[in-house]
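>>> Next comes the sequence, and after it the predicted model I'd like to discuss.
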Amino acid sequence: MSERNVFDVLLERGLIAQTTHEAEIRELLGKEKVTFYIGFDPTADSLHVGHFLQMVVMRHMQLAGHRPIALVGGGTGMVGDPSGRTDMRQMMTKETIEYNCECFKKQLSSVVDFSDDKAIMVNNADWLLDLNYVEFLRDIGACFSVNKMLTAECFKQRLEKGLSFLEFNYMLMQSYDFLMLSRKYDCKMELGGDDQWSNILGGIDLCRRKDQKQVYGMTFTLLTNSEGKKMGKTQSGAVWLDPAKTTPYDFYQYWRNVDDADVIKCLKLLTFVPMEEINELAKLEGQELNVAKKLLAYEVTKLVHGQAEADKVRDAAEAIFGGGNAQNMPATALKAADIGDGIAILDLLAMVELIPSKAEGRRLVQQGGLSIDGEKVTDAALVIEASRLAGDGIVVKKGKKVFHRITAE
């Protein structure tokens, strides 16, 4: 066990959103090795940035001597979690779900140590797929109040558009997972994103009713930016952990380009950089914050893709955006008055003479030949906000070899 209570570490870094029994959880984590679980539904063949925060929590817990169970939802994935959704999830075949589960283990292993039983991966298909429906209803369904379930946030949102009975079962299935893990592995805690609060409470109540066992729940802060929007989305879709879906370079650039307002929070939530160092970085302002952004990008990329890959993409980014090459890179400094609050990308490219016409610019975008700060532009109607052109501005890449820095002052 580590000298410092991991609960205090998670609290200090801003990771904890809600707890069911704060004092008891802190005491439990301080005095014994606790088996806990986090669920991952295999809705794609890769985890994404939203899952990464949960992986970091698992590692904090593991480093403190606790044992993670990564539960992959081979069974719950057949139904789909309504939490945080306004529409129903697509149905997937059993084969697709099994393939996705395999992909998850590989990615989780980059952050969580599965050797020597230090962590285990379990699939809830093992107990959910062969359940007898009538027995399940009599045994588990009897423990749930529909009135109470309908007050849960995850169902409230869906009721407006229509909640299927299939999805309504999800809470019972996730609660049953906790009961099974409690019985099989003496699992005492369920952790998850804050949108899982209602499901976690369901599991805790079920363990109490069926086995008279006290178990606990804790949720983490959702990864959102300063405007409250979920992070991990780009114009071209989600930021994936699979290098075939989001290249390590694009992954690095995503973190390198987070807003000034989000960089310190992300360092706390997503890296293992000591808090003393982060508190020093928090004193930086303006251009100096780039030091913190580079550290964030490097540390997160190192965790997901390994040190060798992180070194490689950092050096590539420095060669393009910094160091000697940056001095020689063609640059145009525009007047803020010419930009206003923002400017359409095609107008901007024409203004700095990177395209001969808007038609040519549209073609360039359609053919995937235009990137801004390492991120491919997929929308020819994209508007660049004036704030993005302040300071270092943006670096536009046209084709494979043309780089151009654009600033406005």
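Good, I have the coordinates. Numbering: from 1, shown residues only.
>>> excluding its backbone neighbours, what's nearest the most centrally placed residue in the chain?
Closest residue to the average C-alpha location of the chain: Gly50 at 1.5 Å, with C-alpha atoms, centre = their mean. Of all residues beyond its chain neighbours, the one nearest Gly50 is Gly232 (5.2 Å), with distances taken as C-beta to C-beta, 6 or more residues apart in numbering. Any C-beta I mention is one placed from the backbone N, CA and C, and that applies to glycine too.
>>> give me the number of residues near the one you found?
As a burial measure, Gly232 scores 19 neighbours (other C-beta atoms under 10 Å).
>>> measure Phe104 to Lys213 for me?
Distance check for Phe104 against Lys213: by C-beta to C-beta, to the nearest Å, it reads 28 Å.
>>> Please apply the same query to Asp315.
52 Å.
>>> Also Lys268?
Taking C-beta to C-beta, one finds Lys268 at 34 Å from Lys213.
>>> Of these two, give the one with the bigger neighbour count.
Comparing Lys268 with Lys213 by neighbour count (other C-beta under 10 Å), the higher total belongs to Lys268, at 18 against 15.
>>> which residues sit in contact with the more buried one?
13-15, 275, 278 (C-beta atoms under 8 Å, 6 or more residues apart in numbering).
>>> Next: Arg314.
Arg314 makes contact with 252, 294, 297-298, 301, according to C-beta under 8 Å, 6+ apart.
>>> got it, and Ser182?
By C-beta under 8 Å, 6+ apart, the contact list for Ser182 reads 188, 207, 211, 213, 215.
>>> Got phi/psi on Gly14?
phi 80, psi 20 (degrees, to the nearest 10).
>>> What of Ala380?
Dihedral angles (degrees, to the nearest 10) for Ala380: phi -70, psi -10.
>>> if I look at it, how far off is Thr247?
23 Å.
>>> repeat for Leu28
Relative to Thr247, Leu28 is positioned 42 Å away (C-beta to C-beta).
>>> which of the contacts of Ser182 count as buried?
The neighbour-count test (16 or more other C-beta atoms under 10 Å) marks 188, 207, 215 as buried among these.
>>> will you turn those into TSV that also has pLDDT, secondary structure and distance to Asn257?
TSV is the format used below for these (pLDDT from 0 to 100; DSSP: H, G, I helix; E, B strand; the rest coil; distance: C-beta to C-beta, whole Å):
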residue	pLDDT	secondary structure	distance to Asn257
Lys188	97	coil	40
Cys207	97	helix	44
Val215	97	coil	41
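>>> from the residues you listed, which is closest to Gly374?
Nearest to Gly374 among the buried ones among the contacts of Ser182, counting by C-beta to C-beta, is Lys188 at 43.3 Å.
>>> what's that closest one sitting at in phi/psi?
According to degrees, to the nearest 10, Lys188 has phi -110, psi -10.
>>> Please apply the same query to Lys245.
When read as degrees, to the nearest 10, the backbone of Lys245 gives phi -100, psi -40.
>>> Can you get me a residue count around it?
Counted with other C-beta under 10 Å, Lys245 comes out at 16.
>>> And the nearest residue to it once chain neighbours are set aside, how far from Lys33?
Leaving out its chain neighbours, the residue that sits closest to Lys245 by C-beta to C-beta, 6+ apart is Ser46, at 5.3 Å. For Ser46, the distance to Lys33 (C-beta to C-beta) stands at 31 Å.
>>> Please apply the same query to Gly369.
Counting by C-beta to C-beta, the gap from Gly369 to Lys33 is 54 Å.
>>> Give the other helices and strands that the strand or helix carrying Met58 contacts.
Here Met58 sits within helix 49-63, counting by DSSP states H and E. In this structure, helix 49-63 makes packing contacts with helix 6-12, strand 35-40, strand 67-72, strand 189-193, strand 216-220, helix 260-270, helix 289-305, judged by 3 or more C-beta pairs under 8 Å, 6 or more residues apart in numbering; DSSP states H and E.
>>> Would you reformat these as a markdown table and include mean pLDDT and distance to Val56?
Listed next are these as a markdown table, based on pLDDT from 0 to 100; distance: least, C-beta to C-beta, whole Å:
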| stretch | mean pLDDT | distance to Val56 |
| --- | --- | --- |
| helix 6-12 | 96 | 10 |
| strand 35-40 | 96 | 11 |
| strand 67-72 | 96 | 12 |
| strand 189-193 | 95 | 11 |
| strand 216-220 | 96 | 9 |
| helix 260-270 | 95 | 6 |
| helix 289-305 | 95 | 8 |
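>>> Show me which pair in the contacts of Lys268 is furthest apart.
Longest span within these, C-beta to C-beta: Leu15 and Ile278, 13.1 Å.
>>> quick one, strands of the stretch 201-350 of the chain?
216-220, 233-234, 237-238, 331-334, 342-344 (DSSP state E, counting those that start in this stretch).
>>> and the second one, average pLDDT?
Read that as strand 233-234. Average pLDDT, strand 233-234: 68.
>>> low-confidence ranges in the stretch 101-250 of the chain?
234-236 (pLDDT under 70).
>>> the helices in it, which residues?
Using DSSP state H, counting those that start in this stretch, the helices found in the stretch 101-250 of the chain span residues 125-128, 133-139, 146-149, 153-159, 165-168, 170-185, 197-211, 248-256.
>>> Ok, which of these comes nearest Ile97?
Among the helices of the stretch 101-250 of the chain, the nearest to Ile97 by C-beta to C-beta is helix 125-128 (7.6 Å).
>>> From the contact counts, what lies against that closest one?
Helices and strands touching helix 125-128, by 3+ C-beta pairs under 8 Å, 6+ apart, are helix 170-185.
>>> Kindly calculate the angle that the helix it packs on makes with helix 197-211.
Calculated by axes from the mean of the first three to the mean of the last three C-alpha atoms, to 10 degrees, helix 170-185 forms an angle of 50 degrees with helix 197-211.
>>> buried residues in helix 170-185?
Quick answer for helix 170-185 (16+ other C-beta under 10 Å): 170-182.
>>> For stretch 359-371, give me every contacting residue.
Counting by C-beta under 8 Å, 6+ apart, 345-346, 349-350, 355, 376-380, 396-399 sit against stretch 359-371.
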